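Participant: how does the following fold in three dimensions:
(6 chains)
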There are 6 protein chains.
Amino acid sequence: MYEDLAVFSGTANPDLAREICEYLGCPLRGADVFKFANDNTFVRLQKSVRGQHAFIVQPTCAPVNDNLMELLIMIDALRRDSAADITAVVTYYGYSRTDKKDQPRVPITARLVADMITVAGATRFMTMDLHADQIQGFFTIPVDDITAFHMLSGYFLQKGVEDAVVVAPDVGATKLGRDFAEALRVPLAIIEKRRERREGKKTEVLSLIGEIKGKNAIIFDDEIDTAGTVRDATKFLKSKGARDVYACVTHALLSQPGPERINESGLTELVVTNTVPIAEDKREKMKDVKVTVLSVAPLLGEVIRRIYLGISVGEMFNE
Amino acid sequence: MYEDLAVFSGTANPDLAREICEYLGCPLRGADVFKFANDNTFVRLQKSVRGQHAFIVQPTCAPVNDNLMELLIMIDALRRDSAADITAVVTYYGYSRTDKKDQPRVPITARLVADMITVAGATRFMTMDLHADQIQGFFTIPVDDITAFHMLSGYFLQKGVEDAVVVAPDVGATKLGRDFAEALRVPLAIIEKRRERREGKKTEVLSLIGEIKGKNAIIFDDEIDTAGTVRDATKFLKSKGARDVYACVTHALLSQPGPERINESGLTELVVTNTVPIAEDKREKMKDVKVTVLSVAPLLGEVIRRIYLGISVGEMFNE
Amino acid sequence: MYEDLAVFSGTANPDLAREICEYLGCPLRGADVFKFANDNTFVRLQKSVRGQHAFIVQPTCAPVNDNLMELLIMIDALRRDSAADITAVVTYYGYSRTDKKDQPRVPITARLVADMITVAGATRFMTMDLHADQIQGFFTIPVDDITAFHMLSGYFLQKGVEDAVVVAPDVGATKLGRDFAEALRVPLAIIEKRRERREGKKTEVLSLIGEIKGKNAIIFDDEIDTAGTVRDATKFLKSKGARDVYACVTHALLSQPGPERINESGLTELVVTNTVPIAEDKREKMKDVKVTVLSVAPLLGEVIRRIYLGISVGEMFNE
Amino acid sequence: MYEDLAVFSGTANPDLAREICEYLGCPLRGADVFKFANDNTFVRLQKSVRGQHAFIVQPTCAPVNDNLMELLIMIDALRRDSAADITAVVTYYGYSRTDKKDQPRVPITARLVADMITVAGATRFMTMDLHADQIQGFFTIPVDDITAFHMLSGYFLQKGVEDAVVVAPDVGATKLGRDFAEALRVPLAIIEKRRERREGKKTEVLSLIGEIKGKNAIIFDDEIDTAGTVRDATKFLKSKGARDVYACVTHALLSQPGPERINESGLTELVVTNTVPIAEDKREKMKDVKVTVLSVAPLLGEVIRRIYLGISVGEMFNE
Amino acid sequence: MYEDLAVFSGTANPDLAREICEYLGCPLRGADVFKFANDNTFVRLQKSVRGQHAFIVQPTCAPVNDNLMELLIMIDALRRDSAADITAVVTYYGYSRTDKKDQPRVPITARLVADMITVAGATRFMTMDLHADQIQGFFTIPVDDITAFHMLSGYFLQKGVEDAVVVAPDVGATKLGRDFAEALRVPLAIIEKRRERREGKKTEVLSLIGEIKGKNAIIFDDEIDTAGTVRDATKFLKSKGARDVYACVTHALLSQPGPERINESGLTELVVTNTVPIAEDKREKMKDVKVTVLSVAPLLGEVIRRIYLGISVGEMFNE
Amino acid sequence: MYEDLAVFSGTANPDLAREICEYLGCPLRGADVFKFANDNTFVRLQKSVRGQHAFIVQPTCAPVNDNLMELLIMIDALRRDSAADITAVVTYYGYSRTDKKDQPRVPITARLVADMITVAGATRFMTMDLHADQIQGFFTIPVDDITAFHMLSGYFLQKGVEDAVVVAPDVGATKLGRDFAEALRVPLAIIEKRRERREGKKTEVLSLIGEIKGKNAIIFDDEIDTAGTVRDATKFLKSKGARDVYACVTHALLSQPGPERINESGLTELVVTNTVPIAEDKREKMKDVKVTVLSVAPLLGEVIRRIYLGISVGEMFNE
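Facilitator: Numbering: from 1, shown residues only, chains lettered A, B, ... in the order given. Predicted coordinates:
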């Protein structure tokens, strides 16, 4: 049925790629992806993709540059082997926080990466929950920015947390938090971080905008990285009288020392997805906190199925 | 001194262009910019720009498409007349709110416009207070996004409003509001708009996150358009016990029926800049409200001077 | 039968788009095309076009810049929604008279517009009776420049005007006139306009090259705009002894004060097509002259049918 | 004085290049331009052009493809040697008559060549009396289309031909003829060629639009190639009662059997320029006709001087 | 069966194109390819290729620039006639030896040509036995570099030359020679040319690295041009005690005075393919040497068949 | 003197960058180059480069992808800060061995990297001793491929090795070896590796083409990586009767287990340059072999000086 569909995986998240193929009922295509002794990444496709519709599942999480180069080199190999079209399925878009010049003399790496993916030969781009929606506009090839929002809000609706308040852990996450609060039909609170100069030293001061006392807090954001913000927010919320504190994000980067911080944060539950893999040792370090990982494979599988068959993707989210 | 500097203006904001030239001490270059009977925009430069450094001052405010086409056609004329480089000085960037696909099957016009400016031949882009910083990344030519932030916060610091609170008029403006509050060293409050379904009808419900009672509110945002948000916010803040309400934005679009709404809003003062011109009849319609227009001409003139002389622009804002 | 065919219309000539769809027997696809209060054009496609063959019917007649931007924004929306290919069907190509630098320091807007259409993402371009055939070469995407020539000459052949002479209303139209005369098998005359300096003032002097006395004249050109040329030519021809005077063009722009001039010109009949719409008030103003509008819908419908089915278009005109 | 100016010549018209350098007072730069035994064109610049302003004088007359490849390869060599900018000075633009699709399934080679020149790395294009002005729009790099019109009309004004009539040798040359007639302040006549079907055979029939009897005719066109048109026109004009017949064109291609036809045409004088070289054997074959060759070297030299110094070129022609 | 397959030929090697079509069982498509009197190459396709898969068989052998321009112009005509894709089948890639800057101030024409082919609109490139494999990387469109290696080694394996040694005629051909020797399972010898300065004059001195005495030599290289290297190598090998000497190459350019040199070289047999045509007069001049021409038509026909059907090409060579 | 010259270094080889600046007598420009916790590379230039001539010294040796991304991000930052031009000085070009498709379904990463460097905004490319000269043609921006050949051959000429033979360690290095032998005026020998099938197993068999007995061998190649080839060659040469064996290459990659293999190889001396840095621990592991590192800093400094001043680089190598 899917004979012209060729799903590939780099080394960044092969488990997710396999799950997607299971949803689709098609095999994961073979590709040798490795480094030579001289640290050069190399790729060799095992079978011809001439005229086929190729998808490469490869988040650009750590090791970021290696994963990105793998992706680009795979695209080049597919293009030179005459694939009909090539969709980069970058479930997490590295460098997404370097998306503007907020100080002089810095790069806009998120645009540079978009140009690199395009110049390598990708004809379509798929990603999940971009840090800023505007990054779609860094591309001129079609972009499908799939969201895990409904999956995550559905989880909490089903769970039924009482007296809940959605908390934006900083002002940059306010809009995201408002939408989540609206979906859960609960109030919103915001933690404001402000740099202050006290006794000659710059310190960061937290303050709460909104009400949290006696409530169960659900911190909502797009990603969790070194977890400093979430840990501080959790402690701050508890000091303000919150009961249970949950955290919910799409991308679980959990860079060092993220897992340790989660473990000591006092969180009741961390809800994430598998857009990036969570290594076993990281899970081990967070064992005092309940970590729930929801799989985006059915969602992505369905999107790929629709793209392959030429059916609307927007209708999946639009009703 | 500036013999190779050639500053041009389209018809969108010639007063600002003239002010900039006064700051620089150079003449505004002549160009015939008009429409033929068949509605085709036409441009003819009055003198050769061969080898010169051209700047075109042209915000893409209403009439948006006409102003944009004027800009593009001027760029083409300058390119074909062998200008050494061409900087588009778009003090207000029209279509900046169409910068992402937040629903299926819509365009990203802000990127399209960036490509049009680039394909026409601009070699550098200058603008002011972009609606989203990420729009910088829609360009690969160098972008200078100049901010009126310091000019606007300086105005209020000098004015000295007592018991002030900065108010973000919706959650999307939270980050901007936080920065303004930090600069004025006052608290932040946020107005949250939420779509609710009441008795079968969708309505928009406002709620306040933060404290406003007995305070003087300064609503801060990047632009004011039909002024519905500002008017509603002002009335809502007063209903919550605010004393005076000020509004402060960079771009005073004031599309219909903006001026009337400002007039009836109860605002104490509206503080804006001249990135877009405010027509006399609009001012007339707002005559019950104090409107303060700060000029960006010295700021832009200084940036152009530095670009022309190859001096750092970033250092102007960076101390 | 045409399930992958998606014909859209902007706001420039929806009647023509509907007629084309009637010819094809397919529905006109829905798209919301409108301006926000801030004068920004916006487009939202009502259904997915993923993998489909899209055609946008949109002449860039007045309001030229608005119609052009609508076209470009629709192209962007179609591209980002993954249409398989996108044909811009610009039945009248605005800016076609700005196709060369015939004086220094002017733009070549007709090329600029071609680049804009291409950078927006169109993959094929269809138009009618370009002012200069060379404009085809402003594009590298395939161009189909469809001509109404056979339709117009067929009309006069069937009508059977006696003692006819085709008249080129200025020397630039000589070649077009010669071809029309050849098709009707009648002689050709040319009106030459020459700028002369008489008593210190520049005036335009008409002279006739060829014979017109006692003949019925058919003025032939590609477009009629403010109708000054046609009116002057008609009067001049009558002063030289012409009997009836007909005018025949493809594109009836009729910019102000074109309709009034037509009305007072003394023309017996004006024969045009519907590549651009003729507003009711314009028709009203021309009510003293017989105006015949031939529809290009069957012609364009047939071309679109052939493109969709991969059949030769050239063979329609080539026998 | 011109130390950064580097004028090169291919093998197409080295005499003209040397004359231009004489006007400028600078040496012609050395370049080895030759073919290997395997028919591959090769180029080696004798000295570095790093950071210099390069001009390549190379009309693409016959052998057209060889001359064009020489030009492109020289551009590539200059680009890779880091020239600051590269102006292709193509005094005659080959393929200029293939500038539109006037029948199905043909190329637009004039655009293709423009793209080739651009992709090779030229940064500016200079040419003379393009067959169609629109070809300027095939380029996006700046184009200077220099005209010999004033030089040629000046020649006839000085010569003082009595009772002159300018003749367009076919309807395509009408506009050119009108402008020349206007400059000489004499009337215009046009020769119309029409394909007719007589007794089952297609023949070409000439007819005269305008008056020629007892007048001296000056045939004016952009180029003379195999001279069939000029020879036929001369004979036809004489049969209609013309006295002397002159021919005047910018580009003297004189492809076989052009020179013989000129010789037997009955022309009184042929006036041309040296945009393309006229080989000695061709001159020999035309020895019965007076051939006057005006040099474009001072004109081109002055334009190059102005481009190099950043002075307006338009003003040379514009007063 | 192949209704969408459209194989065309320029004038460079129509016999090969016909042979390929015979293999495929499809007709060679008609195209008028000729030069006008003004030496402009022109192309007109006889039937529409709208939506079809076009292949153009055209080696860029002598006359190189004419053959190259024919190819480019055909590509442009196919693109503008809306072919679905266009594969340039350049069985011999002219300019392949100008593939690097091995001295200052020279072009890299092989890259320039790749860009020209791409800018003209080719979507895939097919060639045979490139002089340097890296030329594949001059393209970003997919390249199929087909090798005649197996066909040529198969010929000698079947022939069964005793006591054979493969000889690389210069050090640049060592790697090629090693692979051929490995395929034939025979030893390798290398002829080293060194420029020496003897008595003030630069001379080229040959020396042999390896053993040849009493052996039968098979000189192996990618092409034979003026045959100086092969003739000198043959004589040198015989002087060192070789018995029979064979020469085997893919591309038989045989530029003057190649055929004469072959004739007098003392070669036993010259084995080549028909990637470029060998004119009858060249064969005549080589009549003292046995010349064996193996046809690449079945090989290329099979590759085209696989590309058309979307089957792997690599598997043909990979087992 | 060099006020517009801005030399930067990434983290790949800062010592070399500093040495180059010492040669030039200009400071190394400051840039913060680091990774965030999330493994994203970031760059911030310390001072403005507006209008300046920037050079970035950054070989893409291991860690290859990190070094490459640093380079690209620095280019983007320089471009967006309006540098006048940007030269990437990649003293070792990683991925240079992936420069062709020598098997089906693999990438040409060396071309991909060239496109990435170009799309990031570099305007010129400088490198040293490319593995294949053709890689120059992967770029269309000017390339300076500087060679250490004269420096290395000068070292051996001065040293005066008696009875020397240059040895190409495999057939791919034959041409390089021939040139080195010619420069030293000594004979050449070649080691041929051939894959053979013996008793059902594939083995690699070495054989010597040429004479080595009683001679001192100098193995010459472009790079030394895991040193397997050099170690095997050294042992093989000694087994064939060589006396001392030297190895000489430009690029000392020395990937694991290269240093150990060098140490046990029996080499008398290894002569390399500092295009890539040799870490202290690698030197320690090779302590039984004399390792001579010649600095390329004066050579590169001189080239940069000439580029900055617009003086010929070619003349440095060309006399």
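Participant: could you use CA atoms for every contact and neighbour count after this?
Facilitator: OK.
Participant: is it true that residue A:195 touches residue A:203?
Facilitator: Yes. Counting by CA atoms under 8 Å, residue A:195 touches residue A:203, with 5.6 Å between them.
Participant: which residues do the two both contact?
Facilitator: Counting by CA atoms under 8 Å, 6 or more residues apart in numbering or on different chains, residue A:195 and residue A:203 have no shared contacts at all.
Participant: helix or strand for the residue lying closest to residue A:240 once chain neighbours are set aside, which one?
Facilitator: Counting by CA to CA, 6 or more residues apart in numbering or on different chains, the nearest residue to residue A:240 once its immediate chain neighbours are dropped is residue A:213, at 6.1 Å. Element membership for residue A:213, per DSSP states H and E: none, as it lies in no helix or strand.
Participant: in the stretch 101-250 of chain A, what residue lies closest to chain D?
Facilitator: Proximity to chain D, evaluated over the stretch 101-250 of chain A using CA to the nearest CA, is greatest for residue A:119 at 17.3 Å.
Participant: check which helix or strand covers that residue.
Facilitator: Secondary-structure element containing residue A:119, defined by DSSP H and E: helix A:109-120.
Participant: equivalent analysis for residue A:88, please.
Facilitator: Element membership for residue A:88 (DSSP H and E) is strand A:85-90.
Participant: likewise residue A:192?
Facilitator: Counting by DSSP H and E, residue A:192 is part of strand A:188-198.
Participant: what are the C-alpha coordinates of stretch A:148-160, in PDB please?
Facilitator: Presented in PDB, the C-alpha positions along stretch A:148-160 are these (Å, rounded to 0.1, in the frame of the first residue of the first chain):
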ATOM      1  CA  ALA A 148       1.200  18.000  21.000                       C
ATOM      2  CA  PHE A 149      -1.100  20.600  22.700                       C
ATOM      3  CA  HIS A 150      -4.300  18.600  22.300                       C
ATOM      4  CA  MET A 151      -2.600  15.400  23.500                       C
ATOM      5  CA  LEU A 152      -1.200  17.100  26.600                       C
ATOM      6  CA  SER A 153      -4.400  19.000  27.500                       C
ATOM      7  CA  GLY A 154      -6.400  15.800  26.900                       C
ATOM      8  CA  TYR A 155      -4.200  14.000  29.400                       C
ATOM      9  CA  PHE A 156      -5.000  16.500  32.100                       C
ATOM     10  CA  LEU A 157      -8.600  16.700  31.200                       C
ATOM     11  CA  GLN A 158      -8.800  13.000  31.600                       C
ATOM     12  CA  LYS A 159      -6.800  13.000  34.800                       C
ATOM     13  CA  GLY A 160      -9.000  15.600  36.300                       C
END
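Participant: what about that stretch, near chain B?
Facilitator: No. Against chain B, stretch A:148-160 shows no contacts by CA under 8 Å from any CA of the partner chain, the least distance being 13.3 Å.
Participant: tell me where the stretch 151-300 of chain A has helices.
Facilitator: Taking DSSP state H, counting those that start in this stretch as the test, the helices found in the stretch 151-300 of chain A are A:174-184, A:228-239, A:258-263, A:280-285, A:297-309.
Participant: let me know which of the ones you listed is the nearest to chain E.
Facilitator: Among the helices of the stretch 151-300 of chain A, helix A:297-309 sits nearest to chain E (CA to the nearest CA), with 17.4 Å.
Participant: now the closest one: mean pLDDT?
Facilitator: The average pLDDT within helix A:297-309 is 95.
Participant: how about the very next helix or strand once past it as CSV, C-alpha atoms only?
Facilitator: Under the assignment DSSP H and E, the closest C-terminal helix or strand after helix A:297-309 is helix A:315-318. Output in CSV follows, covering the C-alpha atoms of helix A:315-318 (Å, rounded to 0.1, in the frame of the first residue of the first chain):
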residue,chain,number,x,y,z
GLU,A,315,-8.4,19.1,9.4
MET,A,316,-6.8,16.9,12.1
PHE,A,317,-6.5,19.9,14.4
ASN,A,318,-9.2,22.2,13.0
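Participant: tell me which parts of chain A are close to chain C?
Facilitator: Residues of chain A lying near chain C by CA under 8 Å from any CA: A:140-143, A:307, A:310-312, A:314.
Participant: still on that earlier bit, mind checking pLDDT for the residue of the stretch 101-250 of chain A closest to chain D?
Facilitator: For residue A:119, the pLDDT comes out at 98.
Participant: before we move on, the earlier item: identify the farthest-apart pair in the residues of chain A next to chain C.
Facilitator: Using CA to CA, the two most remote members of the residues of chain A next to chain C are A:140 and A:311, lying 20.8 Å apart.
Participant: counting neighbours, go ahead and name the busier of these two.
Facilitator: Remark: of residue A:140 and residue A:311, residue A:140 carries more neighbours, 24 against 16, as counted by other CA atoms under 10 Å in any protein chain shown.
Participant: burial of the nearest residue to that one once chain neighbours are set aside, as a residue count?
Facilitator: Leaving aside its sequence neighbours, residue A:140 sits nearest to residue C:80 (CA to CA, 6+ apart; 7.6 Å). By the measure other CA under 10 Å, the count of residues near residue C:80 is 27.
Participant: again, but for the one 3 residues further on
Facilitator: The local packing count at residue C:83 equals 21, with neighbours defined by other CA under 10 Å.
Participant: right, and residue A:110 touches residue A:135 too?
Facilitator: Yes. Using CA under 8 Å, residue A:110 is in contact with residue A:135, at 7.4 Å.
Participant: any idea how far the residue in the stretch 151-300 of chain A positioned nearest to chain D is from residue C:20?
Facilitator: Residue nearest to chain D within the stretch 151-300 of chain A: residue A:300 (40.7 Å; CA to the nearest CA). Using CA to CA, to the nearest Å, we find residue A:300 at a distance of 39 Å from residue C:20.
Participant: can you check residue A:115 too?
Facilitator: 39 Å.
Participant: and the pLDDT at residue A:312?
Facilitator: 85.
Participant: what is the burial count for the closest residue to residue A:37 other than its chain neighbours?
Facilitator: Leaving aside its sequence neighbours, residue A:37 sits nearest to residue F:255 (CA to CA, 6+ apart; 6.3 Å). The local packing of residue F:255 (other CA under 10 Å) involves 18 other residues.
Participant: contact partners for residue F:255?
Facilitator: Residues near residue F:255 by CA under 8 Å, 6+ apart: A:37-38, F:225-226.
Participant: now the stretch 51-200 of chain A against chain C: closest residue?
Facilitator: Nearest residue of the stretch 51-200 of chain A to chain C (CA to the nearest CA) works out as residue A:142 at 4.4 Å.
Participant: next one: that residue, what pLDDT does it get?
Facilitator: At residue A:142, the pLDDT value in this model is 97.
Participant: contact partners for it?
Facilitator: Residues near residue A:142 by CA under 8 Å, 6+ apart: A:123-125, C:79-82.
Participant: now, these that are in strands?
Facilitator: A:124-125 (DSSP state E).
Participant: okay, the contacts of residue A:142 in JSON lines with pLDDT next?
Facilitator: Shown next, in JSON lines, are these (pLDDT from 0 to 100):
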{"residue": "A:123", "pLDDT": "97"}
{"residue": "A:124", "pLDDT": "97"}
{"residue": "A:125", "pLDDT": "98"}
{"residue": "C:79", "pLDDT": "97"}
{"residue": "C:80", "pLDDT": "97"}
{"residue": "C:81", "pLDDT": "95"}
{"residue": "C:82", "pLDDT": "95"}
